[in-house]
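Participant: could you look at this predicted model? Sequence included:
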Amino acid sequence: MNNPSEFSNLGEGSVLDQRALDAELSNEQLEDIKQRMDLVESEGMDPTQAATVAEPAPIEPEPQPTGEQPQSKPGLFQGLSYFGQPLGETGQQVQERLSAPGQGIIDTAVDGINKLIEKTGFQIPKATKYEDGVAQWAREVSALA
């Protein structure tokens, strides 16, 4: 039988070579370490705190509104209509019609406040008109003016 001690050094060089490869740092890692050390020296920090120094996260600008209406995605009710009204638009119509009486009361309050403060030159703007004629009619009827 073979003595295991005879082969004890077999592969030892390849293990060391792999450790040496693992120990080497890439150019990016070396540059990162150099930047962190420069930051530590410039701020007069203790070098033991260098590992805790983190790079600031890049700030991404927020998208600015363009004033365009977002395009509706084709959905389940695409192309369907109810008495000539596209089903995709009925949600806005229902919302306008249900909020019209309350908006009329708010319009009355805004008109009253504007009447009281008209000498100051400051006026509170009123909400825009509804697209739906029935909703606009309900708003005007409920505006006690």
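Facilitator: Everything's here; your move. From a predicted model like this one, the values you see are computed outputs, not experimental measurements.
Participant: isn't there a helix covering Gly104?
Facilitator: Yes: the assignment for Gly104, made by DSSP: H, G, I helix; E, B strand; the rest coil, places it in a helix.
Participant: any idea how far it is from Pro125?
Facilitator: 16 Å (C-beta to C-beta, to the nearest Å). Using the backbone N, CA and C atoms, a C-beta is placed for each residue, glycine as well.
Participant: who has more neighbours, the two?
Facilitator: When neighbours are counted by other C-beta atoms under 10 Å, Gly104 and Pro125 differ, and Gly104 comes out ahead with 19 against 7.
Participant: ok, and the closest non-adjacent residue to that one?
Facilitator: Ser142 (3.2 Å; C-beta to C-beta, 6 or more residues apart in numbering).
Participant: distance check, that neighbour against Gln95.
Facilitator: 16 Å.
Participant: higher neighbour count, the two?
Facilitator: Counted by other C-beta under 10 Å, Ser142 and Gln95 do not tie: Ser142 has more neighbours, with 16 against 13.
Participant: any weak-confidence spans in the protein?
Facilitator: Scanning the chain for pLDDT under 70 picks out the ranges 1-23, 25, 45-57, 67, 69-79, 82, 88, 145.
Participant: going by residue numbers, what spans are strands in it?
Facilitator: In the chain, the strands defined using DSSP state E lie at 81-82, 85-86.
Participant: tell me the contacts of the nearest residue to Gly102 once chain neighbours are set aside?
Facilitator: Nearest non-adjacent residue to Gly102, counting by C-beta to C-beta, 6+ apart: Ser142, 7.8 Å away. Listed by C-beta atoms under 8 Å, 6 or more residues apart in numbering, the contact set of Ser142 reads Ala100, Pro101, Gly102, Gln103, Gly104, Ile105.
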